[in-house]
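J.: Turn this into a structure:
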Amino acid sequence: MNIVIIEDEDRTARQLERLLKKYDPSVQILVQLPSIKTAVAWFNQNAKPDLVFMDIHLEDGLVFSVFEQIQLTVPVIFTTAYDEYMLKAFKVNSIDYLLKPIEFDELTAAIEKFKNLRNQQVTPDLSALLALIQKPKVPAFKERFMINIGTKIHSIEATNIGYFYSEEKGTFLMTKTGQLLPFEQSLDQMMPLLNPDHFFRVNRQFIIARTAIHAIHAYSAGKLKLDLLPVSRHEVFVSTRRLAEFKDWLGK
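T.: This is a model prediction of the structure:
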């Protein structure tokens, strides 16, 4: 079985690949694509795979844009950190949906469902799915995060968060008062929970609060470098592909 993974978090993609190999060692991962742009280019130049795993939130937008740019008939299993509303939308359309972090049993059930649909020559109605997903709904953003450290539980209000960042295999939260705390969820899982009026993902490593930006510097090749408060021990750049969106966000 030939599989394509569309996912911009390398750690998540590697974990998904490990689970797929556990399910079937003969599975071939043809490519991992991190963005809408690379996905459209790949499908335009290559034969379609047997199955595609798609994350909804990619580094350059929602993955549904892929369907708007090319006619994609390959079966899809979506992976994301969205809520129960999204889950119901996928189930209605007989396309499976895996909530991150992905569990092996859930993955197995999704692939078995895909095989049954393939044997029956049933093609999921992606256009109907897209219509459901794009229905407006009132987002519920988290106002407080509970963090367990040893025997202590820290309650952090969203308004007291300066930024989130990932490093190696971990995710961390920096409060505005300079308290650095380990965080269980990945940046990819965090994005749907944060109010986009206040938080922006400037690159794969950082999600920042608007109020944490101390200074912005023009950098080479059209990049921007950010000085954050509290000061980050990593240099923080706005990725080129997110530059225009970042400027729009700042202007709101």
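J.: make it CA atoms for all contacts and neighbour counts henceforth
T.: OK.
J.: So, low pLDDT: which residues of the stretch 101-250 of the chain?
T.: Within the stretch 101-250 of the chain, the ranges that satisfy pLDDT under 70 run 119-140, 221.
J.: ok, now with 90
T.: Under the criterion pLDDT under 90, the flagged ranges of the stretch 101-250 of the chain are 101-103, 106, 110, 112-155, 168-170, 183-186, 188-193, 218-223, 239-244, 248.
J.: in it, which spans are helices?
T.: Per DSSP state H, counting those that start in this stretch, the stretch 101-250 of the chain carries helices over the ranges 104-119, 126-133, 187-190, 243-251.
J.: And those: which comes nearest Ile156?
T.: The stretch from the helices of the stretch 101-250 of the chain with the least distance to Ile156 (Cα to Cα) is helix 187-190; that distance is 14.3 Å.
J.: on contacts alone, who are the packing partners of the closest one?
T.: Other elements packing on helix 187-190 under the criterion 3 or more Cα pairs under 8 Å, 6 or more residues apart in numbering; DSSP states H and E are strand 161-167.
J.: Pairing partners for the strand it packs on, with directions?
T.: For strand 161-167, sheet partners with direction are given as strand 170-175 (antiparallel), strand 206-209 (antiparallel), following DSSP bridges.
J.: closest to Pro101 out of these?
T.: Nearest to Pro101 among the strands paired with strand 161-167 is strand 170-175 (13.9 Å), distances taken as Cα to Cα.
J.: hmm, who's touching that closest one?
T.: Outside of strand 170-175, the residues that reach it under the criterion Cα atoms under 8 Å, 6 or more residues apart in numbering are 156, 160-166, 180-187, 230.
J.: Pull out the buried members of those.
T.: The neighbour-count criterion (16 or more other Cα atoms under 10 Å) marks 156, 160-166, 181-183, 186-187, 230 among those as buried.
J.: between those, which is closest to Lys22?
T.: When those are compared for distance to Lys22 (Cα to Cα), Ser186 comes out closest, at 22.6 Å.
J.: For the closest one, give me phi and psi.
T.: For Ser186, the backbone dihedrals (degrees, to the nearest 10) come out as phi -80, psi 170.
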